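[1] sequence isn't available, so here's the structure alone:
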């Protein structure tokens, strides 16, 4: 199976709440994506290692290891709407994202990212929804949480410890599923 097919197929549903974060992380790591595989402009925008001291371009930036764990914790795969949701929810959970910042990130993701990473209009809408969902959630700021410390814990317990409301995610995922009937990533969310 090619890496591209593995990326298309990989998914850890919310229903896998008994699997540990570490086990799920190892499954995701088997796909073989590394930080160096991510285009520089994407790293520049999304990875805190590229922040200028005293200036945080986008709230909620994480390194690849934390970002991968967030895909698992939030019950998302690796396709465009999954990326849009994970980035948006993480940014929103910081409770510091302005409308200008949200629009600027959407502009980067839609117009400046390399084609394979670019968001379409529907992806941008999922991103914006996720920013708002992360903001209204009572979860901790996900970009500052020590996610690796939860590797031995089952995913359901990890979500609980972080304050992520699974019922909130399920309610939004049901809406996303109805909104995008032709989207593979949206249709599998509640499996």
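    Cool, got the structure. Values in this document were obtained by computation on a predicted structure and should not be read as measured data.

[2] with adjacent residues omitted, what lies nearest to residue 141?
    Leaving aside its sequence neighbours, residue 141 sits nearest to residue 94 (CB to CB, 6 or more residues apart in numbering; 4.8 Å). In this view, the C-beta of every residue, glycine as well, is placed from N, C-alpha and C.

[3] likewise residue 65?
    Distances taken as CB to CB, 6+ apart put residue 148 closest to residue 65, at 7.0 Å, once the chain neighbours are dropped.

[4] I'd like to know which helix or strand in the protein has the lowest mean pLDDT.
    helix 40-46 (a mean of 66; mean pLDDT, DSSP states H and E).

[5] tell me how far residue 24 lies from residue 90.
    17 Å (CB to CB, to the nearest Å).

[6] neighbour count: those two, which is higher?
    Shown here are residue 24 and residue 90; by other CB atoms under 10 Å, residue 90 has more neighbours (28 against 21).

[7] could you give the separation of the top helix by length along the chain from the chain centroid?
    As assigned by DSSP state H, the longest helix anywhere in the chain is helix 121-136. Put simply, helix 121-136 sits 11 Å off its chain's centre (CA atoms, centre = their mean, to the nearest Å).

[8] packing partners of it?
    With contacts defined as 3 or more CB pairs under 8 Å, 6 or more residues apart in numbering; DSSP states H and E, the packing partners of helix 121-136 are helix 80-93, helix 99-107, helix 166-179.

[9] counting neighbours, which bits of it end up buried?
    For helix 121-136, the buried set under the neighbour-count rule, 16 or more other CB atoms under 10 Å, comprises 122-131, 133-135.

[10] can I get these in a markdown table including distance to residue 112 and pLDDT?
    Listed next are the buried residues of helix 121-136 as a markdown table, based on distance: CB to CB, whole Å; pLDDT from 0 to 100:
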| residue | distance to residue 112 | pLDDT |
| --- | --- | --- |
| 122 | 18 | 98 |
| 123 | 14 | 98 |
| 124 | 13 | 99 |
| 125 | 18 | 99 |
| 126 | 18 | 99 |
| 127 | 14 | 98 |
| 128 | 17 | 98 |
| 129 | 21 | 99 |
| 130 | 20 | 99 |
| 131 | 19 | 98 |
| 133 | 25 | 99 |
| 134 | 23 | 98 |
| 135 | 24 | 98 |
